[in-house]
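A.B. asks: Fold the following, please.
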Amino acid sequence: GLAIDHAETIRLAEVRDWDDVQNLPERLRRGIVVKCASINGNLNHGGRGVWRLGTPTTLATVIKRIERGEPWIAQPYINKTWRVPLAMPPDGQVATRRAHARFCLYASRDVEPRLLGGLVTFSTFWKSAGKSAHLDDNGHIAGSAFVDLRVQR
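C.D. replies: As a prediction, the model looks like this:
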């Protein structure tokens, strides 16, 4: 199936500017996740930089941050989980849990593309937020577990 399930996904190919994004149907916009693509804390505001594009306010916030020089990426919203072994608080015992996964690959484009490494983030929340795994005030698992990817050359 399509990454974004909407009858008018063809409109995404017609986007040329922010007004075009704003004019997309709300349900189609909510199928898009925007992320600050910087690991520099001065740019990503301490991780406050992952949203679904549902409201005009969210889009306006992202546009302001882009105008300040922040790098941003867009990707489809994916609400899929896998059963994976995770060690979570409070006891650190490994248990199989349903979790979202996000994969980040780091590469360079010197003379030819070269994979430098990567990171997988597992979380019980769709953002796979960059917080350390912990129990929230209600005793629910929050935050993420990070796993580095090894590249064999």
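A.B. asks: For G49, which non-adjacent residue is closest in space?
C.D. replies: Distance criterion C-beta to C-beta, 6 or more residues apart in numbering; nearest residue to G49, sequence neighbours excluded, is C36 at 3.1 Å. All C-beta spots, glycine's among them, are computed from the backbone N, C-alpha and C.
A.B. asks: If we go by neighbour counts, what in the longest strand along the chain is buried?
C.D. replies: Under DSSP state E, the strand in the chain containing the largest number of residues is strand 94-109. Neighbour-count burial for strand 94-109 flags R97, A99, H100, A101, R102 (criterion: 16 or more other C-beta atoms under 10 Å).
A.B. asks: do the same with stretch 7-25
C.D. replies: Quick answer for stretch 7-25 (16+ other C-beta under 10 Å): L12, V21, L24.
A.B. asks: Could you count how many residues lie near the closest residue to I32 other than its chain neighbours?
C.D. replies: The shortest distance from I32 to any non-neighbouring residue, by C-beta to C-beta, 6+ apart, is to L53 (4.6 Å). Using other C-beta atoms under 10 Å, L53 has 21 neighbouring residues.
A.B. asks: Now stretch 55-70: average pLDDT?
C.D. replies: When pLDDT is averaged along stretch 55-70, the result is 85.
A.B. asks: Would you mind pulling the contact partners of it?
C.D. replies: Residues from elsewhere that reach stretch 55-70, judged by C-beta atoms under 8 Å, 6 or more residues apart in numbering: 18, 21-22, 29, 34, 36-38, 43-45, 49, 51-53, 72.
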